[in-house]
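S.K.: please find the sequence and the predicted model below.
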Amino acid sequence: MAINDFRSQQSANKGKTYFLLASMGLLTGLVAYAALTYFGAGTSTFMVPLAVGISLIGVWGSYYGSDKLVLKMTGAKLIQREDNPELFNVIEEVVIASGLPMPQVAIVVDTAPNAFATGRDPDHALIAFTTRILEVMDRDELQGVIAHEMAHVANRDTLVSAVAATTAGAIAILSDFLMRMMWFGGGRRDRDSNANPIMLVVSLFVLILAPIAATLLKSAISRRRESLADATAVSFTRNPAGLRKALEVLAADSTVVQQKSNAVAHIWIESPLDGKAVSKMFSTHPPIEERISTLRAMESLGN
């Protein structure tokens with residue numbers, strides 16, 4: 001296939017990720033400015049670092065223990081080579097192609113075909129597969145899934161998710177605290193008579209809408225990382241058909257994994273929460289049909 005095609009996909013998705021992360025940073029600054037405008041310097045100077053600190057403690061604590069935490073939340077059990085030598089053989093092929101260290105491998109007993117990767121860096125990576133995905137996929141399809149999950153490891157997506165979650169969490173906490181102060185504390189105590197009423201109204205709307213905007217940006221970042229992982233997977237295998245066929249298998253199966261909490265939905269190769277009832281703007285994954293079409297386009301360029 002055309003090497004420049006998946007490289008252009010990688011470059012485009014990385015660029016969009018950086019833009020979205022920068023947008024979250026700007027949104028944080030906008031919330032801080034709105035707080036300064038509405039409540040005065042004393043309140044915002046105190047609240048901004050407090051909100052960021054609370055988010056950092058929770059999110060980054062989870063980040064450093066992500067492999068152990070996700071094992072508990074999903075019910076995944078670590079396995080060794082002797083437990084499934086064929087699976088380990090395919091993983092080792094992708095490990096050699098990617099140049100990454102061998103990850104830990106786990107199995108989730110579940111009737112839905114799915115897989116995920118986690119871990120704070122390549123040296124602490126873990127990839128897991130449901131029992132069903134191992135039953136329904138052939139070797140090429142499974143290789144595509146493994147390459148996709150190893151791509152998340154290579155692209156440090158656990159780190160990117162932690163940055164996005166920290167920023168979104170800080171915005172949500174800051175907005176919530178300030179809104180409570182607004183309703184129960186009498187509003188801006190040191191507001192002077194010369195305050196611009198239009199700016200006060202704009203600041204109020206920023207504080208109300210910022211958490212929603214942060215959630216949308218976090219979801220958009222997650223979708224970009226999924227698209228990047230698809231492109232990176234193709235760079236490992238040079239075989240877009242394998243991952244494309246794997247996604248077609250997932251698209252044809254409507255079974256949902258049992259462990260489908262919001263906390264881990266974004267790590268699965270197919271989100272158990274994304275569906276017709278979820279707006280595309282809030283989805284953590286691009287529509288699977290869109291991903292299949294992109295991979296099919298890569299195939300056609302290589303023929």
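M.R.: Arrived safely. Numbering: from 1, shown residues only.

S.K.: mind listing the strands for the stretch 201-303 of the chain?
M.R.: With DSSP state E, counting those that start in this stretch, there are no strands along the stretch 201-303 of the chain.

S.K.: so residue 257 sits right up against residue 116, yeah?
M.R.: No: with contact defined as Cβ atoms under 8 Å, residue 257 does not reach residue 116; the gap is 9.4 Å. The C-beta positions use only the backbone N, C-alpha and C, and glycine is treated the same way.

S.K.: could I have stretch 262-269 exported to PDB, CA atoms only?
M.R.: Coordinates of each C-alpha in stretch 262-269 appear next as PDB, following Å, rounded to 0.1, in the frame of the first residue of the first chain:
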ATOM      1  CA  ASN A 262     -17.900   5.600  31.600                       C
ATOM      2  CA  ALA A 263     -14.500   5.300  33.300                       C
ATOM      3  CA  VAL A 264     -13.200   2.700  30.900                       C
ATOM      4  CA  ALA A 265     -15.500   2.900  27.900                       C
ATOM      5  CA  HIS A 266     -12.900   4.900  25.900                       C
ATOM      6  CA  ILE A 267     -10.200   2.300  26.100                       C
ATOM      7  CA  TRP A 268     -12.000  -0.500  24.200                       C
ATOM      8  CA  ILE A 269     -11.400  -0.800  20.500                       C
END
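
S.K.: buried residues, it. List them.
M.R.: Neighbour-count burial for stretch 262-269, counted by 16 or more other Cβ atoms under 10 Å, picks out 264-269.

S.K.: where do the helices sit along this protein?
M.R.: Along the chain, counting by DSSP state H, helices occupy 3-39, 41-64, 66-74, 85-98, 131-136, 139-154, 157-184, 197-237, 240-252, 288-302.

S.K.: let's have these in a markdown table, adding mean neighbour count.
M.R.: Formatted as a markdown table, the helices of the chain follow (neighbours: other Cβ atoms under 10 Å):
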| stretch | mean neighbour count |
| --- | --- |
| helix 3-39 | 18 |
| helix 41-64 | 16 |
| helix 66-74 | 18 |
| helix 85-98 | 16 |
| helix 131-136 | 16 |
| helix 139-154 | 24 |
| helix 157-184 | 20 |
| helix 197-237 | 20 |
| helix 240-252 | 21 |
| helix 288-302 | 17 |
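
S.K.: reformat those as JSON lines; add mean pLDDT.
M.R.: Shown next, in JSON lines, are those (pLDDT from 0 to 100):
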{"stretch": "helix 3-39", "mean pLDDT": "73"}
{"stretch": "helix 41-64", "mean pLDDT": "64"}
{"stretch": "helix 66-74", "mean pLDDT": "82"}
{"stretch": "helix 85-98", "mean pLDDT": "96"}
{"stretch": "helix 131-136", "mean pLDDT": "97"}
{"stretch": "helix 139-154", "mean pLDDT": "96"}
{"stretch": "helix 157-184", "mean pLDDT": "78"}
{"stretch": "helix 197-237", "mean pLDDT": "87"}
{"stretch": "helix 240-252", "mean pLDDT": "96"}
{"stretch": "helix 288-302", "mean pLDDT": "89"}
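
S.K.: out of the ones you listed, the one nearest residue 273 is which?
M.R.: helix 197-237 (10.8 Å; Cβ to Cβ).

S.K.: next, the angle helix 157-184 makes with the closest one.
M.R.: 160 degrees (axes from the mean of the first three to the mean of the last three Cα atoms, to 10 degrees).

S.K.: so which elements touch helix 197-237?
M.R.: Counting contacts by 3 or more Cβ pairs under 8 Å, 6 or more residues apart in numbering; DSSP states H and E, helix 197-237 packs against helix 3-39, helix 85-98, helix 139-154, helix 157-184, helix 240-252, helix 288-302.
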